[in-house]
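S.K.: can you look at this prediction? I've put the sequence above it.
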Amino acid sequence: MRSLENFLARVLSDDMGKLILRFMLGFLMIFHGYKKLIFGIDGIKSLVVSNGLPEFFAYGVYLGELILPIFIIIGLYTRISSFIYAFTMFFAIYLVHSSHLLGLSAKTGGLLIETPLLFMLGALALMFLGAGKFSIDKR
């Protein structure tokens, strides 16, 4: 078992792992942003306003769910893009899921905020890791 671990450590690279993380975070989020681009953000606007914030904050969803995911995929300004992306997810958790932060799904047993939490923590990890060599940041 130890020799297999040593072999994998030699063959697999941190940079490939960073690329996979970047692609996963960006690609999966773009679907959320695309839906908002096609169908609008009226629901987001009402959530923002009902929480006492200015309506124009809702337009940040386009940055956090469309533009930054593209930056993250290609590895452009990865650390700052990941930070803002993570903040976007924190904001989404606050607006949409704050009433059930520790709630569990009856169907799966997982946290109800599992998906946005995975996006947020993945982005924070990427912020600390950086883009890796397969990125525009490294060129």
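M.R.: Here it is on my side, so go on.
S.K.: buried stuff in the lengthiest helix in the chain?
M.R.: Across the chain, the longest stretch assigned as helix under DSSP state H is helix 14-39. For helix 14-39, the neighbour count (16 or more other C-beta atoms under 10 Å) marks 15, 18-19, 21-26, 29-30, 32-33, 36 as buried. Every residue, glycine included, has its C-beta placed from N, CA and C.
S.K.: cool, stretch 54-72 as well?
M.R.: Of the residues in stretch 54-72, those with enough neighbours to count as buried (16+ other C-beta under 10 Å) are 57-58, 60-61, 63-66, 68-69, 71-72.
S.K.: only alpha carbons, please: show that stretch as PDB.
M.R.: C-alpha atoms of stretch 54-72 as PDB (Å, rounded to 0.1, in the frame of the first residue of the first chain):
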ATOM      1  CA  PRO A  54     -29.700  48.000  -2.000                       C
ATOM      2  CA  GLU A  55     -31.200  46.300  -5.000                       C
ATOM      3  CA  PHE A  56     -28.100  46.800  -7.200                       C
ATOM      4  CA  PHE A  57     -26.200  44.300  -5.000                       C
ATOM      5  CA  ALA A  58     -28.200  41.600  -6.800                       C
ATOM      6  CA  TYR A  59     -26.300  42.300 -10.000                       C
ATOM      7  CA  GLY A  60     -23.200  40.900  -8.300                       C
ATOM      8  CA  VAL A  61     -24.600  37.500  -9.000                       C
ATOM      9  CA  TYR A  62     -23.500  38.000 -12.700                       C
ATOM     10  CA  LEU A  63     -19.900  38.600 -11.600                       C
ATOM     11  CA  GLY A  64     -19.900  35.700  -9.100                       C
ATOM     12  CA  GLU A  65     -21.700  33.200 -11.200                       C
ATOM     13  CA  LEU A  66     -20.600  34.000 -14.800                       C
ATOM     14  CA  ILE A  67     -17.500  36.200 -15.100                       C
ATOM     15  CA  LEU A  68     -15.400  34.900 -12.100                       C
ATOM     16  CA  PRO A  69     -16.000  31.200 -12.900                       C
ATOM     17  CA  ILE A  70     -14.600  31.900 -16.400                       C
ATOM     18  CA  PHE A  71     -11.600  33.600 -14.800                       C
ATOM     19  CA  ILE A  72     -11.100  30.700 -12.500                       C
END
